[in-house]
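Participant: kindly generate the corresponding structure for this input.
(chains A, B and C)
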Amino acid sequence: MADELAIQARHLVKAFGTRRAVDDISLNVPRGAFLAIFGPNGAGKTTLLRMLATLSRPSSGTLAIEGVDAREHADQARDRIGLISHQPMVYPDLSAEENLLLYARLYGVADPEARVRELLDQVGLLHRRLDPVRTFSRGMTQRVAIARALVHDPDIVLLDEPYSGLDPHAVDVFDQLIDQIRPGHTFVMVSHDLRKGFSLCTHALVMARGHVVTADSKDALDFDAFERLYRETVGMGVA
Amino acid sequence: MADSQKKKRPVPEAGQWPDKLLVPVLVAGVVLTTVGFLMAFLYAAPVDGAEVNGFQLIGSKLVTHRQLLSQKIFYFHMPVAIVSFVMLIAAAYYAIRFLASKNQRYDTCSRVAMEISLLFVIGTMITGDLWTRFEWGVWWTWDPRLTTYLILMLIVIAYFVMRNSVDDPERRATYGAVISIIAFIDVPICMMVTRLIPTSIHPVVVRQNGMAPDMTITVMVCLVGMLCVAYGLYRLRFRTVRIEERVEALKEQLEEE
Amino acid sequence: MAQQNRQRLALKHPSTFAQYRTLLSKDLRQEFRTKEMVTSMGIFAVLVIIVYGAALALTAQSIDIASMSGGLIWALIVFTSLTGLNRSFSHEKEQGCLEGILLVPLDRSVIYLAKATSNFIFLALVEVIAVPLFMFFFMTTVPFAPTFGMIVWPLLLGTIGMAGVGTMLATITANTRSRDVLLAVLFIPLIYPLLYACVTATTAAILGSAQWMDLYTMPLVMAAGYDVIMLLACWVLYGFAVSA
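Facilitator: As a prediction, this is how the structure comes out:
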């Protein structure tokens, strides 16, 4: 069972003083699953995702990424994780190719040039690879961000509100790309958008005030029931 | 796929045994400092200042030197300066412990120590400035010690300015810890640099080698007294902050239930 | 799960030095493209020189200028560095790039060393322009001491220290409100010892009096000591500051 899990978190806590952004959360994400994390602002979703991304150290609890202890061997865990955030994390004055080459070299990809071309082709930006990212539209920049997150071929892709600021067309393109890379990858997405997230996910989790209020595989739920459940639980959490 | 269980949350503790010492230490500190103050004027012998022309009758005594009343400031200036640096050491020590553990308690310790340090640094600046005014007849001089304490004061103020402009408490604490450690390293270097570099511009302070026993005793009494005062203030302030945190935590817990 | 045995891309971890080079060349390439830091620092340096022109209008005596020039050059350098250091993390923050770098398995101190090196290069570049400019405007009447060339060493040590400490502080202030002011408030007191040592050594070299060595060597040793201690401290503490 354990080696089937992409992410295994036990009693994760992120606390500072009395404030607990994430309060005792345990997660098992099987390989190939798509977990969507919902919740109101300040529920601790982003803090949880940052811990999964090894950007933030848990105050207590254990976290295993693909069977690797992420606290002891953060560098090994980092090789398996890609993060697509609402911020593209690319240098606007460098070209798309230079940005990807930078990350490919930092990760130590065997043949950086070939890998970068392959990715640029995949996200459909090969023809603009030499233009600075500053001249790109928001949607194109987000495509570069996808390529950036995948440059080291991670097993787990983390998505932090990836749709914010994208127009409908860019959202479609984004979804297609995610569909393409879906096989063989595990996804964890943090989102406000219930409908969107629910349509993509295989598992859903609702957080409020640092706790898990609902967690289930999607098979057990239809959207209306889920939405009702979300409103109830979150409403309760806010009171 | 996820499970979470309610557990009893720890609340910041406050009012441990050192708090019982608070009042006696504070009282002892005040008494010792007062005793030191009296000793400075009644016990310690006046120090000779500038030489006068031949013999002169001052205050029905025949002397060869002008007697320095302003020298009495020294008995307060030096202990205050030492205490402020001791508090800076404490702040840096707790900063290191904070970085190692990320325990908010140490951040509070470090911050409170910085606050007390600021208090004593300002005391140092005031007494130091009085000294320069009466001993050398100028309001300010770039004397190594004075410069170092001016820099120390600016760094401590900068530390609090920095804390005020960061919102996230953990980030604020981490940055505070980093700055207080750097400050602790920087201040002795500053002292050395300003002292060891020879310069023709700055007045050279001539010091007699060693102090007379009566002076040493007076200084020690003042020093111990002020250390007690500093410790008492530190505990008092720490206790207040800690209790505030405790109340905050209990409030939150009640809300949740 | 059918796909779990897919072919993974082979990753060969680059050496620390290779990562350092990659990060440094990224900074240099970016600056080469935008010329943002060097231009803003260069313009600022010229403006400071103009202010000096007004401030020193009545100090016609060349002897006055000679004994003040060390201090004036360093005041110019400190304020110019501040404008540059303030900009050095704006690119990293703008699109969340620093986070992207933190996601990569690399030692945090490599980020520090790369950034400090690029800041050093930009500061040195600006000094190469600003110091001769200062001399052109103010020091043409001053007879050159034979020891004049020795100002290179205090300039070098001072720039290393300022780039090192400045990079650390700029990382901290990049995440704060009112970051420009805060950087100055932290930077100037913390580099005061270095500044003091470098001004003394520079002035000694410019004046080149009979005992200039006394006033030159000791400050230089002090500046070197400051650089070593402070850079080590920043190097150790950087991981905490950048991940916070």
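Participant: now do the lowest-mean-pLDDT helix or strand in chain C: everything it contacts.
Facilitator: Every helix and strand of chain C was ranked by mean pLDDT, DSSP states H and E. The lowest is helix C:90-94, at a mean of 84. Helix C:90-94 is contacted from outside by A:91-93, C:30, C:97-98, C:101, C:174-175, using Cβ atoms under 8 Å, 6 or more residues apart in numbering or on different chains. The way it works is simple: take the backbone N, C-alpha and C, and place the C-beta from them, glycine included.
Participant: can we see that at 10 Å?
Facilitator: Applying Cβ atoms under 10 Å, 6 or more residues apart in numbering or on different chains, the external contacts of helix C:90-94 come out as A:87-89, A:91-94, C:26-27, C:30-31, C:34, C:36-37, C:97-101, C:111, C:115, C:170-171, C:174-175, C:179, C:242.
Participant: cool, and stretch C:23-31?
Facilitator: So stretch C:23-31 is contacted by A:91-95, A:98-99, A:101-103, A:105-106, A:132, C:32, C:36-39, C:87-88, C:91-92, C:97, C:101, C:104, C:106, C:110-111, C:113-119, C:121-122, C:125 (Cβ under 10 Å, 6+ apart).
Participant: where helices are concerned, which of these count?
Facilitator: A:98-99, A:101-103, A:105-106, C:32, C:36-39, C:87-88, C:91-92, C:97, C:101, C:110-111, C:113-119, C:121-122, C:125 (DSSP state H).
Participant: phi and psi next, for residue 167.
Facilitator: No chain specified, so I'll use chain A. Note on residue A:167: backbone dihedrals following degrees, to the nearest 10 are phi -80, psi 170.
Participant: meant chain B actually
Facilitator: Main-chain dihedrals, residue B:167, degrees, to the nearest 10: phi -90, psi -40.
Participant: the one 3 residues further on too?
Facilitator: Its backbone dihedrals place residue B:170 at phi -70, psi -40, with angles given as degrees, to the nearest 10.
Participant: and for it, the neighbour number?
Facilitator: Using other Cβ atoms under 10 Å in any protein chain shown, residue B:170 is surrounded by 20 other residues.
Participant: pLDDT at residue 182, what is it?
Facilitator: No chain specified, so I'll use chain A. For residue A:182, the pLDDT comes out at 87.
Participant: right idea, wrong chain: chain C
Facilitator: 93.
Participant: ok, now which ones touch it?
Facilitator: B:158, B:161-162, B:164-166, C:86, C:169, C:172-174, C:176.
Participant: again, only using 8 Å
Facilitator: Going by Cβ under 8 Å, 6+ apart, the list of residues near residue C:182 reads B:158, B:161-162, B:165, C:173, C:176.
Participant: could you do residue B:140 as well?
Facilitator: B:129, B:132, B:146.
Participant: and it, how far is that from residue B:133?
Facilitator: 9 Å (Cβ to Cβ, to the nearest Å).
Participant: now do residue A:88
Facilitator: 60 Å.
Participant: and for residue C:157?
Facilitator: Applying Cβ to Cβ to residue C:157 and residue B:133 gives a distance of 36 Å.
Participant: which one of these two has more residues nearby?
Facilitator: Ranked by neighbour count (other Cβ under 10 Å), residue C:157 and residue B:133 place residue C:157 first, with 23 against 15.
Participant: now do the more buried one, the pLDDT please.
Facilitator: The model's pLDDT for residue C:157 equals 96.
Participant: repeat that for residue C:106.
Facilitator: Value for residue C:106, per-residue pLDDT: 90.
Participant: number of nearby residues for it?
Facilitator: The burial count for residue C:106: 23, using other Cβ under 10 Å.
Participant: touching, it and residue A:105? I think so.
Facilitator: No: in this structure, residue C:106 is not within contact of residue A:105 by Cβ atoms under 8 Å, at 10.8 Å.
Participant: helices and strands of chain A: which one has the lowest mean pLDDT?
Facilitator: helix A:223-238 (a mean of 72).
Participant: do that helix and chain B meet at all?
Facilitator: No: applying Cβ under 8 Å from any Cβ of the partner chain, one finds helix A:223-238 separated from chain B by no less than 10.2 Å.
Participant: report the beta-bridge partners for the most centrally placed residue in chain A.
Facilitator: Central residue of chain A (Cα atoms, centre = their mean): residue A:158, 1.6 Å from the mean position. Legend: beta-bridge partners of residue A:158 under DSSP bridges are residue A:83, residue A:188.
Participant: identify the residues contacting it.
Facilitator: Counted by Cβ under 8 Å, 6+ apart, residue A:158 has contacts A:49, A:52-53, A:81-84, A:187-189.
Participant: helices of chain B, residue ranges please.
Facilitator: Going by DSSP H, chain B shows helices at B:18-42, B:74-101, B:104-131, B:144-164, B:169-196, B:213-256.
Participant: now these as a markdown table including distance to residue A:147 and mean pLDDT?
Facilitator: Compiled in a markdown table, the helices of chain B are given as follows (distance: least, Cβ to Cβ, whole Å; pLDDT from 0 to 100):
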| stretch | distance to residue A:147 | mean pLDDT |
| --- | --- | --- |
| helix B:18-42 | 58 | 83 |
| helix B:74-101 | 36 | 91 |
| helix B:104-131 | 40 | 91 |
| helix B:144-164 | 38 | 91 |
| helix B:169-196 | 30 | 91 |
| helix B:213-256 | 43 | 86 |
